[in-house]
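Novice: predicted coordinates and the sequence they were generated for:
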Amino acid sequence: MFPVCPHRNALISSVSLPHSAILAAVPWMPGNGALHGAIFDRLMGWNLAILLALFLLAHLLLIAALLRRGAASASSAAKIPSLLTKWLPLAGLCVLYVWMAVTAERLWAADRFAGPAPASMQVEVTGVQFQWYFRYPGQDAAFGATRPRLIDAAGGNPLGIDPADPRGHDDVISSVLELPAGREVDLRLRSQDVIHGLFIPGMRLKQNAVPGMVLHVHFTLQQPGSYAILCSQVCGMGHARMQATLRVVPPAEFDRWLSTREHAVSR
Amino acid sequence: MKQARTAASDTERGFLRRWIFTADHHAIAVQYFLLALAAVAVGTLLSLLMRVHRVWPDTPLPFFGLVKPEDYLALVTMHGTLMIFFVLTVVPQSAFPNLVLTRQIGASQMAFPRLNAAAFWITAASLLVLLSAFFVPGGAPISGWANYPPLSAVPAAGPGQATGMDLWLVSIGLFCIAAILAAVNFLVTILTERCAGMTWSRLPLTVWSWLVTSILTLLAFSVLIAAVVLLLCDRHFGTSFFVPMGDFVNGRVVGHGDGSPLLWLHLFWFFGHPEVYISILPGMGLASSLIANFTRRPVPGYRLMASALVLIGLLGLMVWGHHMFVSGMNPYAGAAFALTTMAIAVPSSAEVLTWLAMLFRGRMQRTTSMLFMLGFLSFFIAGGLSGPILAQPDLDGYLHNTFFVVAHFHLVMAMAGVFSIFAGIYYWFPLMTGRLMNETLGKAHFWISLIAAYGTFFPMHFAGLAGEPRHYERLTGPAHSFAALLPLERGITCAALLLAAAQLIFLWNLLQSARRGRPAGANPWKATTLEWAPARAARITHGPYEYGFRSSESDFISQWEAEAEWE
């Protein structure tokens, strides 16, 4: 119903990794709810496994060197050509780094180089010390202009939406990020005051919100459920409590939720 | 020679002239060590307060009371600033070169002794200014050691962001000046004061590392001081380099020009990343020297090792963007920085593989300084291996600013750095006191520290993978999964307390050995490099690592030995 950008899909599937049941998910990471999360988790799993193996191998060597006694074996060890002890392992590591660079760049390109599909849903995320506001554009699919001088959280206008702009009349503001499953979402990130970091671990997603800039991230929601939204960039004394909830619900339930809000705004 | 001269002149010159108002690099080295010791003591205490608060957030702490959220952030900021600038920069990049640089290159003195002395006093002033931030209204700054604006540019953005932040900026500005002066002195000393015969291919690798770090210091700290001045202008003189138009902080519009917060990130990390190499490269140079010494074998591929140090320094200047993958920087720039970052893994791997190969070429003498060098190697590998993960923009997009990154840099920079510092202190202690440090206490210090450091920092990887962010004073809110991390957090805190306690063994050893340690005699480690020479060599003809001869009673040729003996 809402196709994701075909270019993006091709890119994601071109990031080829061996499939393995063990490495499909990293045990400590929270459950994944995003389309790009499966390939992300596999990449993370492989990276961690390979690097952990290298860590253990290097430490076996270190411990062996520490425990080794006697100089007799030293002369034989000294005869091992440096090709075997240095250049071949270095070449092997270089191959590993090239593989990591290539897979990383492809995944990064898939996630960030292409914009969202035209049919993706837009939600604006605004970071304020110490709260997240989520704004939906309403029936006209356009956000009303905001003016810093009109910001008045106590007076019911926390984002400073300009009443003179008709596009803003139907905008819906929420403190919960409610989104429909199966649809691509384009988040429009802003900050009013200082730099904040939008971090949704369950969506494998992080992007700073920078005052003076409008930044976009897009991703496709897959798994209905409730996910934590955190602030990942220290933003002041309330940083640790600057959290919110992302609720991913079936499309029909989302439509009901949004239209209730839209009715409330229009009245 | 130095011992004899200072001892003889001890009675002539007063204590003040000899140890305080001195341009003697030997005394300046001791001054830097004492300054770093004070800084590391405070920095460690701050980290313990943080660790205890994280697992018992509602318990009042001794001497502190209840830790408020802003207190926690002030502790984080001051801990990072103290450790990075006043410990991990001061010791490898100022104290050690003052102790051994001139000797290792056969110079009679520094190129600019008074500049060198001025650098220390400016550093000391910088430390006092920084610590005074605890005692001003609002307290110390809370924006982390990277101090991203507008949080750091707008006094109203939080407690500590007014006077405390100003003091932080003045302190770091002073530190930049001191670091630049010291680096100019070291650089010119290495370039012009080498004794006859001390060619580039005969420089000990420690000197190569100080050459590279001095160049890095000049470039990186020049940019940081510019950034600090710009931020002070934003705060006090009405400019708007870092604050965007219409910025609305604490109920008031504060942005009047159209500045860019990202500009600060670029300037800061252009400094911040080379800074990592400034603190770790001397340790890498020392590792090559010490492993050669304690396995009695030369450094294989000396040219490769020296060029790897230079290459790491060079690439280190081109990777700062990997701190900014999620900052709003253009994603194409992220792609480029991912490649340069991955590239820096290659010379680093060459260094590690060479050290590993060296360990198997001879019989290792398990002295305390060798053990600490192995600890350095272990942490450098452990922390270094998570580097290629964080270099991948997408994976970093999850791990950025989580405890995974905290684990990474505490292993690769802090623990590797500190263990190389300990290796250097146990190794060079005779140069300062004429005595050896106690090996039994040293080994106990090493093993407890090693285990406690892994216990502290390794589990942080798991907290980071679970998504736990840095700078969180407590784990509450919608992220329920964090509650499951509490036992892990408690374990980390216990290990951190043990790690700190183990340093008391070191302090005791330091005090005891300085007064009653075994006399070291000349060249206690049978080393080849010139800091152990009985007298200043007029001309040298040997390379720095001529170990491993089996034909004579001695298995090495020191650099100060005359040519004829072996030709």
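Specialist: That came through fine.

Novice: residues in the stretch 51-200 of chain B within reach of chain A, list them.
Specialist: B:68-70, B:73, B:76, B:142-144, B:148-151, B:154, B:157-159 (Cβ under 8 Å from any Cβ of the partner chain). (C-beta placed from N, C-alpha, C; glycine too.)

Novice: which two among those residues are spaced furthest apart?
Specialist: B:K68 and B:P149 (23.4 Å; Cβ to Cβ).

Novice: just want the most central residue of chain A.
Specialist: A:L205 (0.9 Å; Cα atoms, centre = their mean).

Novice: what pairs with that residue across the strands?
Specialist: A:I200 (DSSP bridges).

Novice: and the closest residue to B:G313 other than its chain neighbours, how far from B:L267?
Specialist: Leaving aside its sequence neighbours, B:G313 sits nearest to B:V212 (Cβ to Cβ, 6 or more residues apart in numbering or on different chains; 3.9 Å). Distance, B:V212 to B:L267, by Cβ to Cβ, to the nearest Å: 22 Å.

Novice: need the contact list for the residue nearest to the centre of chain A.
Specialist: A:L205 sits next to A:A34, A:L198, A:F199, A:V217, A:F219, B:G397, B:Y398 when contact means Cβ atoms under 8 Å, 6 or more residues apart in numbering or on different chains.

Novice: hang on, the earlier thing: so B:K68 and B:P149 - more neighbours on which side?
Specialist: B:P149 (30 against 14; other Cβ atoms under 10 Å in any protein chain shown).

Novice: related to what we said a few turns ago, doesn't the residue nearest to B:G313 lie inside a helix?
Specialist: Yes: checked against DSSP: H, G, I helix; E, B strand; the rest coil, B:V212 lies within a helix.

Novice: host element of B:A179?
Specialist: Using DSSP states H and E, B:A179 sits within helix B:163-192.

Novice: other SSEs contacting that helix?
Specialist: Contacts defined by 3 or more Cβ pairs under 8 Å, 6 or more residues apart in numbering or on different chains; DSSP states H and E place helix B:163-192 against helix B:69-81, helix B:113-132, helix B:205-236.

Novice: again, only this time at 10 Å
Specialist: Under the contact criterion of 3 or more Cβ pairs under 10 Å, 6 or more residues apart in numbering or on different chains; DSSP states H and E, helix B:163-192 touches helix B:25-55, helix B:69-81, helix B:90, helix B:102-104, helix B:113-132, helix B:205-236, helix B:261-295.

Novice: report the buried residues of that helix.
Specialist: With burial defined by 16 or more other Cβ atoms under 10 Å in any protein chain shown, the residues of helix B:163-192 counted as buried are B:163-187, B:189-190.

Novice: any low-confidence regions in chain A?
Specialist: Applying pLDDT under 70 to chain A flags the ranges A:1-25, A:70-82, A:267.

Novice: next, the closest residue to chain B within it: phi, psi?
Specialist: Going by Cβ to the nearest Cβ, chain B is nearest to A:G212 of chain A, at 2.4 Å. The phi/psi pair for A:G212 (degrees, to the nearest 10) reads phi 90, psi 0.

Novice: OK, contacts around it?
Specialist: A:G212 makes contacts with A:190-191, B:150, B:242-247, B:255, B:258-262, B:328, as judged by Cβ atoms under 10 Å, 6 or more residues apart in numbering or on different chains.

Novice: in ChimeraX, how would I select the buried members of those?
Specialist: To isolate the buried members of the contacts of A:G212 in ChimeraX, using 16+ other Cβ under 10 Å:
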select /A:190,191 /B:150,242,243,244,246,247,255,259,260,261,262,328
